[in-house]
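Visitor: Got a predicted structure here, sequence first:
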Amino acid sequence: MKKVNREVLLPDLGEGITKAIIALWCVQPGQDVHVDDDFVEVVTDKASFVVPAPQTGVVQEIRYKEKEEVAVGATLAVIESS
Amino acid sequence: MLDCSFVDLGLKTYREAYQIQLDAVKDVVERKISTILFCEHPLTITIGRSGKAEHIRTPRSVLSKNGVMVCDIDRGGDVTLHAPGQLIVYPILDLRQWRQDLHVYLRALEGVVIELLDQYGLVASRKAGYTGVWIRNRKICSIGIGVRCWVTYHGLSLNVHIPLRYYSLIKPCGLDVSMTSIADQTKEVMDLGLIKQDIIRLFKNTFNLRILGKWEPQPVKV
């Protein structure tokens, strides 16, 4: 079966929010994840936001370290699914 | 319109209330019926995701010896403190059915508290860049939220008649800020049950809630 890569993006968190900081990775490269599992927690101002896994698969790549700042729409990680 | 129930947990440890919130988040994600929890905590210091250990002014060993809990937690914000006399509101709200915007939600929580205090004759306001509710340059309500699948948890803590001396234990929100309370401002001790009733009405209007079930305030024994 063909494997498909899916990027995990930092979603739009609201008007005027352009960036967030990676607080905690809930997954590691190579780990199996299921859709809607907690994937990564980001923080902005007084809010923490848990980004869920957009699909089931294996975490291929994590692109940012904890405490790094990322822009809305940036690719945080890649999941490979079959 | 959001279907919502209100639950008064009474006096609960931070950890117990946190677990209740996580269970409620799962429930709201699935059933799409929001819940708003009221409670008070025994003396507890919490450190949010942006918190720094040095913002606690007292050594942890001393705090522990005096029965003060310290918890690292997954809400936004820095260090804050809870104790009886401070009303905690944890809205577990389904923002998928309201507005998926973290800042709009934070400003809405501030708005509820500002309107509440206005009813008690207190002029409170927002302070640009500093989430929370302020009376002049003193903070009366701290706000920090968590969001999972666009369902909120954590929330707001409103100082009603909490002994303000407790705040000498920490640097609230990492700022050199002076705290205040409703009792400090009005020189009266207000009934928490009445405040909760007013908060329910204001949440109903702000978030366009349809309230389910019957709500009973829990008397808190300290």
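Guide: That came through, no problem. Numbering: from 1, shown residues only, chains lettered A, B, ... in the order given.
Visitor: residue boundaries of the helices in chain B?
Guide: With DSSP state H as the criterion, chain B has helices at B:14-31, B:60-65, B:102-119, B:182-186, B:192-207.
Visitor: Only the buried residues of the third one, if you could.
Guide: Pointing back at helix B:102-119 there. Judged by neighbour count using 16 or more other CB atoms under 10 Å in any protein chain shown, the buried positions of helix B:102-119 are B:102-103, B:105-106, B:108-110, B:112-117. C-beta here means a position set from N, CA and C on the backbone, and glycine is covered the same way.
Visitor: now the last one
Guide: Of the residues in helix B:192-207, those scored as buried under the neighbour-count criterion (16+ other CB under 10 Å) are B:192, B:195, B:196, B:199, B:200, B:201, B:202, B:203, B:204, B:207.
Visitor: tell me which strands and helices it is in contact with?
Guide: strand B:2-11, strand B:34-40, strand B:86-92, helix B:102-119, strand B:209-211 (3 or more CB pairs under 8 Å, 6 or more residues apart in numbering or on different chains; DSSP states H and E).
Visitor: near chain A, which residues of chain B?
Guide: B:48-50, B:74-77, B:100-106, B:131, B:143-149 (CB under 8 Å from any CB of the partner chain).
Visitor: Just these: which are in strands?
Guide: The strands, defined by DSSP state E, take in B:131, B:143, B:144, B:145, B:146, B:147, B:148 from the residues of chain B next to chain A.
Visitor: what are the bridge partners for the second one, then?
Guide: What it means is residue B:143. residue B:156 (DSSP bridges).
Visitor: On the three-state scheme, the residue of chain A found nearest chain B is what?
Guide: Of all residues in chain A, residue A:14 sits closest to chain B, at 3.3 Å by CB to the nearest CB. Secondary structure assignment for residue A:14 (DSSP: H, G, I helix; E, B strand; the rest coil): coil.
Visitor: Just give me the neighbour total for residue A:81.
Guide: By other CB atoms under 10 Å in any protein chain shown, 17 other residues sit near residue A:81.
Visitor: what pLDDT does the nearest residue to it once chain neighbours are set aside get?
Guide: Distances taken as CB to CB, 6 or more residues apart in numbering or on different chains put residue A:57 closest to residue A:81, at 3.2 Å, once the chain neighbours are dropped. If you check residue A:57, the pLDDT there is 96.
Visitor: I figured residue A:57 hits residue A:77, correct?
Guide: No. Contact criterion CB atoms under 8 Å: residue A:57 and residue A:77 do not qualify, at 10.8 Å.
Visitor: Put together a markdown table for the helices of chain B, with mean pLDDT on each row.
Guide: Putting those into a markdown table (pLDDT from 0 to 100) gives the following:
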| stretch | mean pLDDT |
| --- | --- |
| helix B:14-31 | 95 |
| helix B:60-65 | 88 |
| helix B:102-119 | 97 |
| helix B:182-186 | 97 |
| helix B:192-207 | 96 |
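Visitor: Switch these over to TSV; also include distance to residue A:5.
Guide: As requested, those are exported to TSV (distance: least, CB to CB, whole Å):
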stretch	distance to residue A:5
helix B:14-31	27
helix B:60-65	45
helix B:102-119	29
helix B:182-186	55
helix B:192-207	39
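Visitor: Before I go, just wanted to say thanks for your time.
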